[in-house]
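>>> coordinates only, no sequence provided:
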């Protein structure tokens, strides 16, 4: 069988792929001949076979990726059905509720302690009262129990 030696450019025209892609396939398989009379030329038949084999491998890789993604999607749907996930709107509502309660408690703090602070003469006493009140607010917030009201 006669061997046809072609440049990478001509070979890529025949196969219909870029020279870069073809070069990757042929270089991986060492398709170039070291013979000086065919320097920088590629065996036509061998190159086409290598490219087709490479397409088969890529097709299998692609099919494997599709199967993997399909399995992940099925698992996600199963987890959602089993209620392993919480809807983001529920989390947002809970977070908004916590922020609102925090804001309310902190805004009420000055009115709650102002009369008591006016009676104190030392800075240490004032700081101690403020620390106690802040600690109380933080404890209430740490014990926050959000009730999920799904409709």
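Structure's in. What do you need? Every value quoted in this text rests on a predicted model; they were computed, and no experiment measured them.
>>> where does this structure have its least confident helix or strand?
For the chain, using mean pLDDT, DSSP states H and E, the weakest element among its helices and strands is strand 41-43, scoring a mean of 73.
>>> right, and the helix or strand after that one?
On the C-terminal side of strand 41-43, the nearest following helix or strand under DSSP states H and E is helix 44-81.
>>> quick one: mean pLDDT for that following helix?
Taken as a whole, helix 44-81 has a mean pLDDT of 82.
>>> name the helices or strands packed onto it?
Contact here means 3 or more Cβ pairs under 8 Å, 6 or more residues apart in numbering; DSSP states H and E; on that basis helix 44-81 packs against strand 5-7, helix 8-15, helix 19-28. Bear in mind the C-beta positions are built from the backbone N, C-alpha and C, glycine included.
>>> report all helices and strands that the helix or strand just after it contacts.
Of the helices and strands lying after helix 44-81 in sequence (DSSP H and E), the nearest is helix 88-118. Applying 3+ Cβ pairs under 8 Å, 6+ apart, we find helix 88-118 packed against helix 123-142.
>>> so for the helix it packs on, what gets flagged as buried?
Of the residues in helix 123-142, those buried by neighbour count under the rule 16 or more other Cβ atoms under 10 Å are 133, 137.
>>> neighbouring contacts of it?
Contacts to helix 123-142, defined as Cβ atoms under 8 Å, 6 or more residues apart in numbering, come from residues 98, 101-102, 105-106, 109, 112-113, 116-117, 120.
>>> report the two of those separated the most.
Every pair in the contacts of helix 123-142 was compared (Cβ to Cβ); the two farthest apart turn out to be 98 and 120, at 31.5 Å.
>>> drop anything exposed from the contacts of helix 123-142.
For the contacts of helix 123-142, burial is judged from neighbour counts taken by 16+ other Cβ under 10 Å, and it is met by 105, 113.
>>> tell me which of the contacts of helix 123-142 is nearest to residue 17?
Proximity of the contacts of helix 123-142 to residue 17, judged by Cβ to Cβ, is greatest for residue 98, which lies at 57.6 Å.
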